[in-house]
Structures are given as C-alpha cells and as structure tokens.
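In: Give me a model of this one.
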Amino acid sequence: MLDLKAKLAAAGVVTKEQVREAENRERRKREANRNRQRSRNQGSGVVDVRDLQAANRGDAYLRIRSIVAKHRRDADGTLVPSADARPFGFVDASGKLRQLLLEPDVHQSVSEGKAAISAYMSNNGLAHCVLPRAIALDLAKVFPLWLRTLTGHAAAGKIDKGTSSRGDRSSGAAVREPATAPAPEPGSAKPGHD
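Out: Residues are numbered from 1 along each chain as shown. Down below sits the predicted model:
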C-alpha cells in the first residue's frame, strides 16, 4: 500500500521534489525533538532534573527514594556489611560528623570521585547513601546541600547555617562557624575535682 505522499506524487498533485522537501522537514523535526529530549536528560540520564524541580517536595522525595533504591552502591541498612567494610567519614549539612560502612570497592570509588555520598529523604528522615557521580550531581541540582562528598567537586560538603537537628532545610549554602564552649576562668575548679 502506498503512503499519502506517494499517492499525491502519482496523481501529479505534488512533485517528487516537494515530497523530498517534506520528508527532510519531518526528519529535521524528529532530530530536533531528539536533541531537545537529550538536553533535557543531560547528565546521568536517570534523573529528570526539571521534573524534580517542578514537583512539590513530597513528590520529589518519593521519586528520589526510588532512584536511590535502584542505584545506590552501599548497603541499604538491610544488609550486614562484610568484615572488609571500612568506615568512611563525612560531614552532614548541619556540620555533624557522620560515617558510612563501605565495602572496599565502594570506598575506593568514593575516594577516587567515581561515586559520591549524597543525602536523600528516606521514609524515616534524612539519610545518606553512595550514588554514582552523575546521579549525585543531578540530585545536587535539585537539592544542593544533599551532595555531601565528591572528590574534586567544590560544591560538595557545604554546611547550612539554617539547619536544625530535625532535618535539612536546603535553604542556602552559608558556612556556619563551629560552636565553642566558653573557657573556664583561671583558678576556678569544680568542687570535688582536685
């Protein structure tokens, strides 16, 4: 069965040149759509950054949880780490020292910058995981303070001065000065401590 273009050309309504031009226009249009789709998914190809930025926080958290469940490189808390697992220390957005027990291959990939430690909103609050570099960078475009450790990346590890102990507010990236206890006055000792 002939398509419409062939029928029109056979009937003399359009010339073969016009048919070729129409096909070229259609091909260029398809290529432009493909390029637009590629630019939209630039980065990991897993995270649709614009879609997450447009979604409300609850929907974004849900989508990010499913991405983390599929792509995380560390044990998710249900697996017992092997005897070879080593702690990897990092600072969370509130300035507290945290650690993840990582298998040697995952530990090495984080150290080399092939993977990153990223925060995400689990069902029980803010949690941390190891993700491939490209996915972690895409998530950082949505929640910048969630990128906790990435070798060679300047934006990783920023501390939010507006973060409370109840969670990440992701409001800014200002560095908070560490709290210090006042020094005791010279000559004052606590009773009973000589």
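In: so which helix or strand takes in the residue nearest in space to the middle of the chain?
Out: By CA atoms, centre = their mean, the mean C-alpha position of the chain lies nearest to residue 139, the distance being 2.2 Å. With secondary structure defined by DSSP states H and E, residue 139 is part of helix 133-142.
In: distance between that helix and the chain's centre?
Out: Offset of helix 133-142 from its chain centre (CA atoms, centre = their mean, to the nearest Å): 3 Å.
In: same for that helix, what does it pack against?
Out: Under the contact criterion of 3 or more CB pairs under 8 Å, 6 or more residues apart in numbering; DSSP states H and E, helix 133-142 touches helix 49-54, helix 57-71, strand 115-122, strand 147-149. All C-beta spots, glycine's among them, are computed from the backbone N, C-alpha and C.
In: Partner strands of the third one and their direction?
Out: When you say that, I think you mean strand 115-122. Looking at strand 115-122 with DSSP bridges, its partner strands are strand 125-132 (antiparallel), strand 147-149 (antiparallel).
In: I'd like those as JSON lines, with distance to residue 155 appended.
Out: Formatted as JSON lines, those follow (distance: least, CB to CB, whole Å):
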{"stretch": "strand 125-132", "distance to residue 155": "15"}
{"stretch": "strand 147-149", "distance to residue 155": "6"}
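In: tell me the most buried of the ones you listed?
Out: strand 147-149 (a mean of 23; mean count of other CB atoms under 10 Å).
In: I'd like the mean pLDDT over it, please.
Out: The average pLDDT within strand 147-149 is 91.
In: List of residues touching that strand?
Out: 88, 90-93, 110, 116-119, 128, 136-137, 139-140, 153, 155-157 (CB atoms under 8 Å, 6 or more residues apart in numbering).
In: Report the buried residues of stretch 96-103.
Out: Buried positions in stretch 96-103, judged by neighbour count with 16 or more other CB atoms under 10 Å: 98, 100, 102-103.
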